[in-house]
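Give me coordinates for this.
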Amino acid sequence: MRVVKLFLFFFVTLNIFSQENLCRTFIWDKSEVFQKNELLKYNSHDFSNLWNTGDRDVYGVIGDNYQRILIKFISIKRNEKNKAEYIVHGKSNVKSNICDFVGTITILKIQELKIPKFGVDDEYKNAGIKSQGLLVANYKFVENKNQKNTGEFHGQLQTIFYVDKNNLITYNDIESYRDNYFNNAFVGIWKSNNSGKEKICNWGHYRVPSVNYDFDIGAGEISVSNKYFKNGWEVKPKENWWK
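Take a look at the predicted model:
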């Protein structure tokens with residue numbers, strides 16, 4: 001019994017320690033949003049425009065060595081039979097190995113912001129914003145098994161948005177001027193179709209979420225440290241690499 005207790009203590013302590021060594025685990029602090037899930041309130045809204053931000057300023061890692069991965073969404077469409085689900089088609093690129101993938105994003109929860117954020121000098125205060133929110137979703141993307149070195153991505157997504165004066169869902173970049181701003185945080189794993197081996201795989205807009213503190217040493221923008229720079233970060237991606 002004592003051995004079991006010691007093992008559990010070690011496991012819990014290790015887990016807490018590993019969490020504390022990760023940065024950008026939440027876009028907004030949990031205390032900033034109401035705990036009530038407002039998913040039904042937003043059921044009539046289409047969120048598909050939030051995730052297709054192009055490929056610029058989207059940064060991702062795969063594996064413990066934080067090898068660079070490029071992710072491009074080609075199309076995102078709402079499933080009219082299940083309005084919380086979105087059908088996704090995209091491409092991934094690791095070390096010039098490009099794969100097609102298809103899958104889904106399924107919204108689980110929407111929490112509204114308690115105190116509105118209006119940007120520098122309250123720039124958006126009179127813009128007619130009706131609400132601001134954080135959505136949490138599950139995602140699963142399956143790469144084409146007929147291609148080389150394929151697998152599956154799955155995990156959880158965080159996105160912040162606001163409802164504009166025309167009642168449209170809008171990508172929330174109000175605070176993009178801040179050094180710690182990031183959005184569209186995909187955090188999960190990639191599982192190989194061949195070996196079944198799993199690797200961490202995270203990507204986001206402006207910054208990579210849930211990574212070690214020693215990875216991104218930039219202040220105003222992403223800057224990968226020398227420890228990881230050789231893992232694909234020294235090469236500038238080809239323009240329109242997905243075409």
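
Just name the shakiest helix or strand of the protein by mean pLDDT.
Every helix and strand in the chain was compared by mean pLDDT, DSSP states H and E; the lowest is helix 2-20, with a mean of 42.

which element follows that one toward the C-terminus?
strand 22-23 (DSSP states H and E).

Counting by contacts, list what that next one packs against.
Where contact means 3 or more Cβ pairs under 8 Å, 6 or more residues apart in numbering; DSSP states H and E, strand 22-23 is packed against strand 211-212. For glycine as for every other residue, the C-beta is placed from the backbone atoms N, C-alpha and C.

Which neighbouring elements make contact with the strand it packs on?
strand 22-23.

Which SSE is immediately downstream of the strand it packs on?
Once strand 22-23 ends, the next helix or strand along the chain (criterion: DSSP H and E) is strand 58-62.

buried stuff in the helix or strand that comes right after that following strand?
From strand 58-62 onward toward the C-terminus, using DSSP H and E, the following helix or strand is strand 67-78. Using 16 or more other Cβ atoms under 10 Å as the test for burial, strand 67-78 gives Gln67, Arg68, Ile69, Leu70, Ile71, Lys72, Phe73, Ile76, Arg78.

Same list (the residues you listed) but as JSON lines, adding distance to Gly188.
Shown next, in JSON lines, are these (distance: Cβ to Cβ, whole Å):
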{"residue": "Gln67", "distance to Gly188": "16"}
{"residue": "Arg68", "distance to Gly188": "17"}
{"residue": "Ile69", "distance to Gly188": "12"}
{"residue": "Leu70", "distance to Gly188": "16"}
{"residue": "Ile71", "distance to Gly188": "12"}
{"residue": "Lys72", "distance to Gly188": "17"}
{"residue": "Phe73", "distance to Gly188": "16"}
{"residue": "Ile76", "distance to Gly188": "18"}
{"residue": "Arg78", "distance to Gly188": "22"}
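
Using TSV, please lay out these together with distance to Asn126 and pLDDT.
Listed next are the buried residues of strand 67-78 as TSV, based on distance: Cβ to Cβ, whole Å; pLDDT from 0 to 100:
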residue	distance to Asn126	pLDDT
Gln67	45	98
Arg68	41	98
Ile69	41	98
Leu70	39	97
Ile71	36	97
Lys72	36	96
Phe73	33	96
Ile76	31	97
Arg78	31	97
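
just those now: which is nearest His205?
His205 lies nearest to Ile71 out of the buried residues of strand 67-78, by Cβ to Cβ, at 10.5 Å.

which ones are touching the closest one?
When contacts are counted by Cβ atoms under 8 Å, 6 or more residues apart in numbering, Ile71 touches Asp55, Val58, Gly60, Gly90, Lys91, Ser92, Asn93, Phe186, Trp203.
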